[in-house]
Structures are given as C-alpha cells and as structure tokens.
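J.: Sequence plus the predicted model coming up.
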Amino acid sequence: MATVNHRALTSWVGIARLLAIVLSCLAFSLVASTGDFGGSYGTWCMFTWCFCFSVTLLVLLVELLELYPMLPLSWDDFTSAFSMLAALMVFTSSVVFPATFINSPCNTSYCARQAVATTASCLCFLAYAVEVGLTRAKPGDISSFLSTVPGLLKVFEAYVACLIFSLLDEYGKEPGLMWCVAVYSICFIFTFLIIIFTIGRCLTYIPCSLEKVLVGYNFLALIMYITATVIWPLYSFRGRGRPQNCGRSCSWDRHLGVTFLTIFNLIAYLVDLVYSTRMVFIRTPP
C-alpha cells in the first residue's frame with residue numbers, strides 16, 4: 001500500500017504547485033468559456049495552460065503517494081526541468097494572449113473574462129517562478145544537475161531555440177541564413193539531448209568528466225551563436241526596410257524576433273559557460 005506524503009501539499013513547493021494548478025485551470029477555463037482562442041497563438045496558449053495543469057497535477061500526485069522512487073528517471077531533475085519549462089511557457093502565453101486577443105477599450109464581460117484569464121496566467125507564471133527558486137540547488141550542491149544554474153539555463157536555451165524555429169521564414173535563399181538555422185538546430189539538438197540524458201540518468205555512463213564536456217560544448221555553442229548574432233541581421237535586413245503593410249505574420253517582424261531571440265540565447269550560453277567553468281573548479285581539488 002502506497003504511503004501518503006503530506007509534505008507534498010504543505011511545503012512551500014507544494015503550495016506553489018497547488019497555486020499553479022488552480023491558476024492554470026482558471027486561465028484555460030475562462031478562455032474556453034469565451035470560445036475565442038482560434039489560430040496558432042490561441043491554440044498555443046490553451047495548450048500551455050492545459051499541459052502545465054495536467055503535468056503539475058501528475059507531479060503532485062506522484063509526490064503525494066511517493067511513487068517517484070519506482071520511476072526510471074531522476075525525479076529531481078525532471079521536476080526542476082519541468083518547472084523551468086512551465087514558467088517559460090506560461091510567461092510566453094501571458095504576453096501573447098492579451099497582445100493577440102484583448103482589444104482596447106476593454107469594457108465588456110467578454111473582455112473581462114479574457115483580462116482575468118491573463119491575470120491568472122501572470123500569477124501562474126509567478127507560482128512556477130517561485131517553485132524554480134525554491135528547488136534551485138544551493139552553491140556547491142550538484143546532486144541534481146538540472147536544478148543548478150547551468151541546468152536551468154539548458155532548459156532556457158532549448159526553449160528559446162524552439163521559439164526561434166517557430167519564427168523562421170524565408171531563409172533558404174541566403175547561405176548566411178542557412179548557416180544560422182544550422183547553428184540553431186545543432187545547439188538545440190545537443191542541449192535537448194543533455195536534458196533528456198540527465199533526466200534518464202544516462203550521463204553517468206560517460207567515461208569522462210561531464211563538467212569538462214559541458215564547458216567545451218558551451219564554448220563551441222557560444223562561438224556559433226556569436227556568428228549567428230552577426231550574420232542573421234546582416235542577411236535579413238541588408239537593403240530591406242520594414243514594409244508599410246507589415247501585418248502580424250510579416251516576414252520582416254519574424255526576422256526581427258529571431259534576431260532578439262538569438263541575442264537572448266547568446267547571453268544564456270555566455271552565462272552558462274561562466275557557471276559551468278566555476279563548477280569545474282569546484283569539483284577539481286586544489
């Protein structure tokens with residue numbers, strides 16, 4: 001008979017998860033009641049709230065019944081990676097949904113439900129952010145890699161790469177842009193594999209120092225992103241001004257979004273390299 005771990009509900013982490021469950025449920029319920037969530041942006045927001053609600057509820061039940069020791073994965077790494085991913089996804093939805101669906105002035109009950117849903121989504125993001133802060137590994141504690149700053153940055157880097165892929169448009173005619181897409185793809189694949197192998201406890205079988213491998217990878221990824229940061233805007237905007245009739249799916253705006261996201265990931269890989277190097281020095285005896 002499974003034991004019940006009441007601390008899964010009464011601890012600060014448990015309370016943050018409960019709030020995330022309630023707020024994500026409130027967000028998608030209110031939006032569903034309006035019936036206005038069509039298109040790719042609305043579908044993404046609804047998927048985000050439903051996905052985060054379902055997985056967080058599952059995490060809470062597994063911890064409540066203490067079933068995680070039977071799972072063939074690193075539970076701490078999984079929950080750390082998920083809370084970081086959920087925070088990023090909900091934050092994106094909290095920005096995308098009101099920008100896409102709420103019109104000014106907002107003076108109808110229909111719009112009020114959308115506004116309350118947006119508020120619930122913002123509070124849900126804060127709940128996940130609190131969980132990330134509470135479960136983040138303390139300095140010197142490397143028992144759970146994905147709860148450390150480099151581990152959380154891996155989730156951030158993979159998520160930003162996914163956002164870049166969603167904005168890619170008209171890059172096949174320029175070799176420079178094709179190189180940038182190759183950079184995004186290669187770095188995403190390796191970062192994603194690091195996350196999956198860490199959760200699956202596969203990295204323990206690597207016959208060399210994991211920290212040194214990560215330092216080498218982060219250095220190469222940083223160099224590659226430096227080239228993409230220079231080449232992408234050079235080939236995207238050379239001789240091209242913003243069209244006057246540039247709508248929501250305008251190619252020029254998409255390329256601008258990729259430019260900013262590339263810079264974000266460049267900064268993330270730089271910080272990741274610094275922290276990974278520090279971890280090597282912590283692990284290496286004097």
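T.: Good, I have the coordinates.
J.: Check the offset of the lowest-mean-pLDDT helix or strand in the chain from the chain's centre.
T.: Of all helical and strand segments in the chain, the minimum by mean pLDDT, DSSP states H and E falls on helix 7-10, at a mean of 84. Distance, stretch centre to chain centre, for helix 7-10: 26 Å (CA atoms, centre = their mean, to the nearest Å).
J.: what's the answer for stretch 121-134, then?
T.: The answer for stretch 121-134 is 13 Å, by CA atoms, centre = their mean.
J.: Same question for stretch 262-276.
T.: Remark: stretch 262-276 is offset 14 Å from the chain centroid, using CA atoms, centre = their mean.
J.: If you count neighbours, what's buried in that stretch?
T.: 262-266, 268-273, 275-276 (16 or more other CB atoms under 10 Å). C-beta: built from backbone N, CA, C; applies to glycine.
J.: taking the mean pLDDT, what do you get for that stretch?
T.: Per-residue pLDDT over stretch 262-276 has a mean of 94.
J.: And the contacts of it?
T.: Applying CB atoms under 8 Å, 6 or more residues apart in numbering, the external contacts of stretch 262-276 come out as 148-150, 153-154, 156-157, 160-161, 164, 180, 184, 187, 211, 214-215, 218-219, 221-222, 225-226, 228-229, 232.
J.: which of those residues count as buried?
T.: 148-150, 153-154, 156-157, 160-161, 164, 180, 184, 187, 211, 214-215, 218, 221-222, 225, 228-229, 232.
J.: mind listing what residue 6 touches?
T.: residue 64.
J.: next one: residue 94
T.: 118, 121, 122, 124, 125.
J.: so which strand or helix has it?
T.: helix 75-101 (DSSP states H and E).
J.: Which positions within that helix qualify as buried?
T.: 75-94, 96-98, 100-101.
J.: Now find how far off-centre it is within its chain.
T.: 6 Å.
J.: Could you chop the protein up by domain?
T.: 1-135, 139-286 (automatic domain parsing).
J.: Pick out the shakiest of the ones you listed, pLDDT-wise.
T.: domain 139-286 (a mean of 85).
J.: Tell me where the stretch 51-200 of the chain has helices.
T.: Under the criterion DSSP state H, counting those that start in this stretch, the stretch 51-200 of the chain contains helices at 75-101, 109-135, 149-167, 175-199.
J.: okay if I get the ones you listed as a markdown table plus distance to residue 255?
T.: As requested, those are exported to a markdown table (distance: least, CB to CB, whole Å):
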| stretch | distance to residue 255 |
| --- | --- |
| helix 75-101 | 18 |
| helix 109-135 | 27 |
| helix 149-167 | 8 |
| helix 175-199 | 9 |
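J.: closest to residue 28 out of the ones you listed?
T.: helix 109-135 (7.8 Å; CB to CB).
J.: list the helices and strands the closest one packs on?
T.: If contacts are counted by 3 or more CB pairs under 8 Å, 6 or more residues apart in numbering; DSSP states H and E, helix 109-135 sits against helix 12-34, helix 39-64, helix 75-101.
J.: Compare the ones you listed and give me the one nearest residue 169.
T.: Nearest to residue 169, of these and by CB to CB, is helix 39-64 at 13.2 Å.
J.: Excluding residues flanking it in the chain, which one is nearest residue 62?
T.: The shortest distance from residue 62 to any non-neighbouring residue, by CB to CB, 6 or more residues apart in numbering, is to residue 68 (5.3 Å).
J.: before we move on, what about residue 115?
T.: residue 106 (5.8 Å).
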